[in-house]
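Engineer: make a model of this:
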Amino acid sequence: MEQSTHNMVNTRLTAEFPELAHLSREDLEDLLADPAYFQAVFHTLPQVKQLYQSQADLGSANESIAKNNLAYQDDLYRLRSETQEAFDKSKGLEARWKEIEKEQRDVYQRFDPQFLLMRLRHATIAQDDLSEARANAFVQGSSSDPDPAGLTGKDIDDFVKEFRELRKTYHKRVMWGEKWAAGEVVWRDN
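Structural biologist: Predicted structure coming up:
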């Protein structure tokens, strides 16, 4: 029975490692008992030699790739620096773009139809106030001066001419406001 177990172990061992088939049982026991002997036999196996050769080839390939990468290192650092500079410049330009857009909105806001209508309404009210103030000043000035000779025909003509221009401007603005309210004023963007 011991012989069949020996053959079975030997058979499994020789099936996986045919290079060890020539070793006797004593040699196999020595192999297991002596680590130096085991290492010597182990390193002579073709699979192990192939493994070590593959490992060496991979190490050489890695070293070659590392050397190639190192050759690109200066160029990569330069490109990284240039890219960072370009990125920083683009961020600065982007910030400047936002400032310019805000300035543009502020400038265009003055030409916005609603803003212009508001300005027209304010100017109309101001013009009405100005003409009324001028008329009141003329009337109060003539009523405080009991001497009818104090006002000459030229003074009256000058007042009428000035008052007429003030009212003419006022009524033009009122007409523009009415046309605007009626939808007859069209603002073009071009």
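
Engineer: low-confidence ranges, this structure, go.
Structural biologist: 1-11, 143-150, 187-190 (pLDDT under 70).

Engineer: which parts of the protein are helices?
Structural biologist: Taking DSSP state H as the criterion, the chain carries its helices at 2-16, 25-33, 35-42, 46-109, 113-144, 153-181.

Engineer: can you add mean neighbour count and give those helices back as CSV?
Structural biologist: (C-beta placed from N, C-alpha, C; glycine too.) Listed next are these as CSV, based on neighbours: other CB atoms under 10 Å:
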stretch, mean neighbour count
helix 2-16, 11
helix 25-33, 12
helix 35-42, 12
helix 46-109, 10
helix 113-144, 13
helix 153-181, 13
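
Engineer: quick check: residue 24 vs residue 178, distance?
Structural biologist: For residue 24, the distance to residue 178 equals 124 Å [CB to CB, to the nearest Å].

Engineer: swap in residue 62?
Structural biologist: Counting by CB to CB, the gap from residue 62 to residue 178 is 86 Å.

Engineer: also residue 54?
Structural biologist: 95 Å.

Engineer: repeat for residue 107
Structural biologist: In terms of CB to CB, residue 107 sits 29 Å off from residue 178.

Engineer: residue 83 too?
Structural biologist: Applying CB to CB to residue 83 and residue 178 gives a distance of 61 Å.

Engineer: surely residue 19 touches residue 48?
Structural biologist: No. The pair residue 19 / residue 48 is not scored as a contact, 10.1 Å apart, by CB atoms under 8 Å.

Engineer: for stretch 34-53, measure first residue to last.
Structural biologist: 25 Å (CA to CA, to the nearest Å).

Engineer: show me what it is in contact with.
Structural biologist: 17, 19, 20, 30, 31, 32 (CB atoms under 8 Å, 6 or more residues apart in numbering).

Engineer: go with 6 Å
Structural biologist: For stretch 34-53, contacts defined as CB atoms under 6 Å, 6 or more residues apart in numbering pick out 19, 30, 31.

Engineer: and these, which is closest to residue 186?
Structural biologist: Of all the contacts of stretch 34-53, residue 186 sits closest to residue 19, with 99.7 Å by CB to CB.

Engineer: tell me the spacing between the nearest residue to that closest one once chain neighbours are set aside and residue 31.
Structural biologist: Sequence neighbours aside, residue 45 is the residue nearest to residue 19 in space, at 5.8 Å (criterion: CB to CB, 6 or more residues apart in numbering). Counting by CB to CB, the gap from residue 45 to residue 31 is 12 Å.
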